[in-house]
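Q: Model the following, please.
(chains A and B)
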Amino acid sequence: KNQVEQSPQSLIILEGKNCTLQCNYTVSPFSNLRWYKQDTGRGPVSLTIMTFSENTKSNGRYTATLDADTKQSSLHITASQLSDSASYICVVSYYTDKLIFGTGTRLQVFP
Amino acid sequence: DAGVIQSPRHEVTEMGQEVTLRCKPISGHDYLFWYRQTMMRGLELLIYFNNNVPIDDSGMPEDRFSAKMPNASFSTLKIQPSEPRDSAVYFCASSLGGSWAGDKAETQYFGPGTRLLVL
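A: Numbering: from 1, shown residues only, chains lettered A, B, ... in the order given. Sure thing, here's the model as predicted:
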């Protein structure tokens, strides 16, 4: 069964600290993996997209990694800021147009 | 560009009524997606269009849901009749390309969403 699981469900960290969010998937055939950031009350915003051959991709303080062999991805946030408080959603594409969404990790950054 | 535009932003209606949600994609984008988001199920893809043609509607929950894209700059999602379990946030998104395209083309840009409450 095609699934995308994210952990942890929620996370609280202090401003300035680093954190890592996990995404494990059982999706085949894999097309690409995306990380989205969704602020409360707003639509998701794309952070990164990675295809099979890409191991890492950065977007400012956000760095995503992908291990296609173990079917795991992580999103690392460096030097967190209050504005990083949001839900982070992992989405995996398979075939050419199928999408599986994770349930997201809710991150709260406190001063 | 103003981004993806959705209307209304909020909708409260009574069970049995018809609901129409509207979306204007980013100019030049060939793909338009309709999503539904609830606390229980997260984000779900309902349907998507390529060049105004519905490609995959397998995510549409029931025959009560229908979507149209009469032209490249406008799409509607209609629920008739509406039920309380349809209460959710409905997002519209657009992109230049599909999943098989390059990095830039695959990015989906989401609208602000329509919060629907069916009483």
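Q: In contact with B:Gly42, which residues?
A: A:Ile89, A:Phe101, A:Gly102, A:Thr103, A:Gly104 (Cβ atoms under 8 Å, 6 or more residues apart in numbering or on different chains). Where you see a C-beta, it was placed from the backbone N, CA and C, and this is true even at glycine.
Q: need those residues in a markdown table with distance to chain B and pLDDT, can you?
A: Listed next are these as a markdown table, based on distance: Cβ to the nearest Cβ, whole Å; pLDDT from 0 to 100:
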| residue | distance to chain B | pLDDT |
| --- | --- | --- |
| A:Ile89 | 7 | 96 |
| A:Phe101 | 5 | 90 |
| A:Gly102 | 7 | 93 |
| A:Thr103 | 5 | 90 |
| A:Gly104 | 6 | 94 |
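Q: anything in stretch B:74-87 sitting right up against chain A?
A: No: for stretch B:74-87, no contact with chain A is found by Cβ under 8 Å from any Cβ of the partner chain; the gap never falls below 14.8 Å.
Q: Endpoint to endpoint, that stretch covers what distance?
A: Taking Cα to Cα, to the nearest Å, the first and last residues of stretch B:74-87 lie 23 Å apart.
Q: Pull out the buried residues from it.
A: By 16 or more other Cβ atoms under 10 Å in any protein chain shown, the buried positions in stretch B:74-87 come out as B:Ser75, B:Leu77, B:Ile79, B:Ser82, B:Asp86, B:Ser87.
Q: Return the residues in contact with the first one.
A: This points to B:Ser75. B:Arg22, B:Cys23, B:Lys24, B:Pro25, B:Leu32, B:Trp34, B:Phe49, B:Ala67, B:Lys68, B:Met69, B:Cys92.
Q: cutoff 7 Å now
A: B:Cys23, B:Leu32, B:Phe49, B:Ala67, B:Lys68, B:Met69, B:Cys92 (Cβ atoms under 7 Å, 6 or more residues apart in numbering or on different chains).
Q: For the last one, give its distance to B:Gln80.
A: To B:Gln80, B:Cys92 is 18 Å away according to Cβ to Cβ, to the nearest Å.
Q: Next: the fourth one.
A: In this structure, B:Ala67 and B:Gln80 are separated by 12 Å, where distance is defined by Cβ to Cβ.
Q: And the first one, by the same measure?
A: In this view, B:Cys23 and B:Gln80 are 17 Å apart by Cβ to Cβ.
Q: again with the third one
A: Counting by Cβ to Cβ, the separation of B:Phe49 from B:Gln80 is 20 Å.
Q: Can you name the residue of chain B nearest to chain A?
A: B:Phe110 (3.0 Å; Cβ to the nearest Cβ).
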